[in-house]
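Peer 1: below: sequence and its predicted model.
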Amino acid sequence: MERYPRSYVERRPRTGRAPAAGLTALALAGLCAGAGRPTQAKTAAPAAQPAPAAELAPPVELPVIEGGHVTGQTTPENARRDGLTVVDLSDDWLPYVFSEEPGKPEPLRPFLIDLANGRFRPTSAYARAREDKYFEAFGVFPSLNMMRRRLADRRRHTCHDRVRDKVLEEMSPKSQILPEEPEKPANPSPAATGDAAKPASGDPAAAPTPATPVADKPPRKPLSPTEKRAVIAMQAHLRCEDLLPAKAKSGRMDPRTVAGLQIYQRLHMIADNGRIDSESRAVLLADSRELDFRALLRALRERVVDATGLLEDGSALGVAGEVQGRTLDSAEFRPLPLQASKAPAAPGEPAAVAAGAPAKITGAPDLISAATQVASQALGWTSPDAVLASTLVAAPAPSRKGRKPPVRKGVLPLPAAVAIRLPPPPPYHSPKMELRAEIDRGEVVLARPQLDKDGHKKWRPPVSDRPTLTVFARSGDGEVALARWPTTIGGWKTIQKSDGTMALKYKESITGDALWSEVLAGPTWHPPSGLPVRKLLVKRGDTFVPKSEIVGPGYRAGYGLVAIVHQQIMGVNEKGEKQLQDLLIRTHGTPAYRSVKRGESAGCHRLHNYLAIRLTGFLVKHRENTRDGLVHEDYVRKLEYQGQQVALESDAKVYRFRLTPPVPVTVLDGDVRGDAKAVKHLVPLATAP
């Protein structure tokens, strides 16, 4: 929980990269984003022109790939002319929303690239990253070369193969092994247990400290002999990944074991609930090579998305495709099932016209999986063994005169970029697409929440009709639903009143028409007034320090890595101009990714992190925009807790794109259940501040 530095601009560029490699990467950054696809909108600012450094660099020669072999050489310009797509395979790749231009650097880039390559520098800025270890669930995909090295790690795979884990297979499908109840009230040291040991919260302020056990609450039953053997098998798998601390207690779901299990769950993109449930057992029992291969395909998929400008993932129809015969996403990240009354027509079927809708709507199929299938086939990545046997590697660096070229060992790096013939984009794709978004609040429950006998809010299972965000594109005389993703709306949230007591207050998601006006990369989150002070602090010894990571910028910030600003349309003036107001509503990512399908927000609309990054990149590429670069977002808040004064502050800068014109977004009322009067009053809580 160390505080990140205030600005990554001050950090020196990464060392160890050859000058020629730097020129190649810069040239690809300027040329490859739109190669083969007319999907990148030019910005209104002159700075959007190709970088001068890229123009001075020598022409970039790219291998043309088919069936796992090089079939020719081309340049980005020729690839675009010939209908090929340039896919960046380099270790320096990041999604387009984190791109930069001369004079407009993106300060998070060095840090995110380090995380993608598993590099943790010996500074306090990387302290939390060293604990989290893996970042795909936070929107930072591992580099392809790092995944290939994991796939080639025989020692780790052999370790997993030797684990006696048949007991996991013998357990009942519905059985779960839960974390132990906390033994004592504590604010555990992040270094000892990690914040990952805490249950996920629906609040952007990360997870709260585990509550003190109630004296008359019966403890959980001791583990049965079968359950204890299952925990020992799980711990053995964690040990293979170096995720089990030495002080973890064998056969027990103690905090150290649970923290390691949650990292393992995030590594494989399943719910990080710290439980041994059916999905966790399936992953533990799976071949580790197969798990690595699926992760490699997921990482490739994001590069294909970035290269093609696609957003169509099948979620608009509630059906995701496969890649190499595999479903890449776990249940946590798969599309929500469609309700018959809300389902758009599939391509080729008669299109229904929704009540009041201006056009007929069809749902887009999963074009992303189809393109990833073609890309993986072209690279020859059809199985784990095929990846290891692949001869597709970067050409060796030229040797100096009179010297023999050095012998390259281990897994050799991939070419920086390749040209692949992918399926053409849909005809409605263009650099200036007519887009709109709709947020359906689904079932909205206004009833006052029930409290348990100790005066705490009872957990309520998710409603069946969850809120969703759908992105539409104009196509001829109708519209195409590009993607439909789970999101969040407001609900009953714990607040701290001015007298220090706690209560529940209903935080509503504002309905009506708004505009997506700005895309923010590396945004900072400013905690709302009333958020319990304790959630903003970390105890170190006898002193409380600010939990600066939730402000950001960074992958653990309350907004995640990207956010879209909502400008609410408050009315129209006498000139017919829209009156806009920023009510601090955002569509954004979140570090509490399990809350997206089952949680509530304070009024914002959360998305899974990688989907939020896809969406913002899509908007920047398919909408006219002005790249402002870095803008200040200063924040200072004075906190007082148990007689201590603490300042939560940030003078970080956010990277901003202004959409010109903005994208219309409508938040629908949804199916409101309950008396609207119930939300007008606070619900007192017995919880201590």
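Peer 2: Looks like it came in fine. Residues are numbered from 1 along each chain as shown.
Peer 1: can you map out the helices along the stretch 551-689 of the chain?
Peer 2: For the stretch 551-689 of the chain, the helices defined by DSSP state H, counting those that start in this stretch occupy 595-598, 609-622.
Peer 1: do the same with the stretch 51-200 of the chain
Peer 2: In the stretch 51-200 of the chain, the segments counted as helices under DSSP H, counting those that start in this stretch are 52-56, 76-81, 109-116, 127-132, 144-151, 154-161, 166-170, 190-193.
Peer 1: now tabulate these in a markdown table and tack on mean pLDDT.
Peer 2: Listed next are those as a markdown table, based on pLDDT from 0 to 100:
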| stretch | mean pLDDT |
| --- | --- |
| helix 52-56 | 42 |
| helix 76-81 | 95 |
| helix 109-116 | 98 |
| helix 127-132 | 95 |
| helix 144-151 | 98 |
| helix 154-161 | 98 |
| helix 166-170 | 95 |
| helix 190-193 | 38 |
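Peer 1: pull the longest strand from this structure.
Peer 2: In the chain, taking DSSP state E as the definition, the longest strand is strand 653-668.
Peer 1: just to revisit the earlier point, tell me which of the helices of the stretch 51-200 of the chain lies nearest to S390.
Peer 2: Among the helices of the stretch 51-200 of the chain, helix 144-151 comes nearest to S390, with 8.5 Å by C-beta to C-beta. Every C-beta, even on glycine, is put in place using the N, C-alpha and C of the backbone.
Peer 1: where does the stretch 251-400 of the chain have low pLDDT?
Peer 2: 348-359, 399 (pLDDT under 70).
Peer 1: distance of P173 from A483?
Peer 2: Distance of P173 to A483, computed by C-beta to C-beta, to the nearest Å: 31 Å.
Peer 1: tell me the pLDDT of the spatially closest residue to D671 that is not a sequence neighbour.
Peer 2: Closest residue in space to D671, ignoring its immediate chain neighbours: E443 at 4.9 Å, by C-beta to C-beta, 6 or more residues apart in numbering. On the pLDDT scale, E443 is placed at 94.
Peer 1: which residues sit in contact with E443?
Peer 2: 463-466, 670-671, 673 (C-beta atoms under 8 Å, 6 or more residues apart in numbering).
Peer 1: out of the helices and strands in the protein, which is least certain?
Peer 2: helix 190-193 (a mean of 38; mean pLDDT, DSSP states H and E).
Peer 1: and the helices of the stretch 551-689 of the chain, which is most packed in?
Peer 2: helix 609-622 (a mean of 25; mean count of other C-beta atoms under 10 Å).
Peer 1: what's near enough to touch G72?
Peer 2: By C-beta under 8 Å, 6+ apart, G72 lies in contact with 63-64.
Peer 1: do you know how far it is from A371?
Peer 2: G72 is 21 Å from A371, by C-beta to C-beta.
Peer 1: which helix is the longest one in the chain?
Peer 2: When the chain is scanned for its longest helix (criterion: DSSP state H), the result is helix 288-308.
Peer 1: from the contact counts, what lies against the next helix or strand after that one?
Peer 2: Once the chain leaves helix 288-308, the next helix or strand it forms, by DSSP states H and E, is strand 360-363. When contacts are defined as 3 or more C-beta pairs under 8 Å, 6 or more residues apart in numbering; DSSP states H and E, strand 360-363 packs onto strand 478-486.
Peer 1: the strand it packs on: what's the following helix or strand?
Peer 2: According to DSSP H and E, the helix or strand after strand 478-486 is strand 492-496.
Peer 1: for R534, see how far away L504 is.
Peer 2: According to C-beta to C-beta, L504 and R534 sit 16 Å apart.
Peer 1: now do the contacts for the residue nearest the centre of the chain.
Peer 2: Residue closest to the mean C-alpha point of the chain, counted by C-alpha atoms, centre = their mean, is N609 at 1.9 Å. By C-beta under 8 Å, 6+ apart, the contact set of N609 is 137-139, 555, 560-561, 589-591, 593.
Peer 1: who's in contact with the helix or strand hosting G260?
Peer 2: Using DSSP H and E, G260 sits in helix 255-267. Helix 255-267 is contacted from outside by 132-134, 136-137, 179-180, 182, 188, 192-194, 196-197, 231, 234-235, 237-238, 241, 243-245, 247-249, 271-274, 276, 280, 283, 295, using C-beta under 8 Å, 6+ apart.
Peer 1: try stretch 237-253
Peer 2: With contact meaning C-beta under 8 Å, 6+ apart, stretch 237-253 is reached by 133, 156, 159-160, 163, 165, 177-180, 223, 228-229, 231-232, 235, 254, 256-257, 259-261, 263-264, 267, 274, 276, 284, 288.
Peer 1: now the end-to-end length of that stretch.
Peer 2: Chord length of stretch 237-253, first to last residue, is 14 Å (C-alpha to C-alpha, to the nearest Å).
Peer 1: in it, what counts as buried?
Peer 2: In terms of neighbour count (16 or more other C-beta atoms under 10 Å), stretch 237-253 has its buried residues at 237-241, 243-245, 248, 251-253.
Peer 1: quick one: which of those residues is nearest E66?
Peer 2: Closest to E66 out of the buried residues of stretch 237-253 is E241 (35.5 Å), distances taken as C-beta to C-beta.
Peer 1: chain center to stretch 378-385: distance?
Peer 2: 26 Å (C-alpha atoms, centre = their mean, to the nearest Å).
Peer 1: give me the contacts around that stretch.
Peer 2: Outside stretch 378-385, the residues touching it (C-beta under 8 Å, 6+ apart) are 65-69, 151, 289-290, 292-293, 296-297, 300, 324, 376, 386-387, 390, 392, 418, 420-421.
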